[in-house]
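A.B. asks: attaching a predicted model along with its sequence, questions to come.
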Amino acid sequence: MPRMTSPSTAKATPIFRSEDELASLPASQRIRYRLVQADRRYHANDNIAAFVREGELVELKAEVQAKLQEVLEALVIDTDSDHNTNETAKRVAKMYIDEVFRGRYVPMPAVTEFPNAERLNELMIVGPITVRSACSHHMCPIFGKVWIGILPNEHSNLIGLSKYARIAEWIMSRPQIQEEAVTMLANELQQRVRPDGLGIVMEADHFCMHWRGVKDTQSAMVNSVMRGAFLKDANLRREFLSLLTRRTG
Ligand SMILES: [Zn+2]
């Protein structure tokens, strides 16, 4: 597995560090050290909650705030006399860690699974679920809708309808790439529900297309993942997709 190769990372992650040594480091470096030791990936859309210890999110927020303050300074904004930007670094740090990127730092919401006692085997559709994310490339907002189609079998675990939205929110509250977000959501649901078929469609508006770049006003992107029966059975897939159209239209 390739390690990070940037010089700063290499410097910050020697072979072994004692607990005392670790304690003297900023929280971000401690967390990164644990991730590297465990050979775990920590891309923008990865969840790293298992490597964050109690109280460290508060420390992270303070670190992010200090760095954002430097960004504002580099942008030559006088945050001392400009009352509008006075607290901006603090607000944005809080927004990143506690809200829009929260899905990186907290464990998955608790989900109770029920055995499929009724042996339901009909197509089930959940959606549209409103999702909010941010693109990994520009950290611009992404707003969209997700539809989930499930074809359970007698061995499937069913989860409450609201839980689909909770899991989707957890995955989307990270800097994401739409294609990867949909795949991550599919993997999570596949593992939990174990259906015969799983279909996910995401339609989202990418603000990096409005705000910058081509400044296009039409920037909806549609992605789908089809697994199991949805892949093999064209009729099932058609049924799922036609029900979505009816709901959007
Ligand atoms: Zn973007």
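C.D. replies: Nice, thanks for sending it over.

A.B. asks: CA only for contacts and neighbour counts going forward, please
C.D. replies: Fine.

A.B. asks: check which residues of the longest helix seen in the chain are buried.
C.D. replies: The helix that spans the most residues within the chain, counting by DSSP state H, is helix 56-74. Applying a neighbour-count criterion of 16 or more other Cα atoms under 10 Å, the buried positions in helix 56-74 are Glu56, Leu57, Leu60, Lys61, Ala62, Glu63, Val64, Gln65, Leu68, Gln69.

A.B. asks: ok, the last one to Met95 distance?
C.D. replies: Translated: Gln69. 14 Å (Cα to Cα, to the nearest Å).

A.B. asks: now the third one
C.D. replies: Taking Cα to Cα as the criterion, Leu60 is separated from Met95 by 12 Å.

A.B. asks: for the residue lying farthest from the centre of the chain, pull up the helix or strand it's in.
C.D. replies: In the chain, counting by Cα atoms, centre = their mean, Ser81 sits farthest out from the average C-alpha position, at 36.3 Å. Per DSSP states H and E: Ser81 is located in neither a helix nor a strand.

A.B. asks: and it, what's its pLDDT?
C.D. replies: Listed pLDDT for Ser81 reads 97.

A.B. asks: got it, and Arg119?
C.D. replies: Model confidence at Arg119 (pLDDT) stands at 80.

A.B. asks: helices along this protein, start to end?
C.D. replies: When secondary structure is read from DSSP H, the chain shows helices at 7-12, 19-23, 27-37, 56-74, 88-94, 102-105, 161-172, 178-193, 207-211, 229-232, 234-248.

A.B. asks: out of those, which one sits most buried?
C.D. replies: Neighbour counts (mean count of other Cα atoms under 10 Å) averaged over each of the helices of the chain peak at helix 102-105, with a mean of 24.

A.B. asks: near the ion, which residues of the protein?
C.D. replies: Cys135, His137, His138, Cys208 (Cα under 5 Å from the ion).
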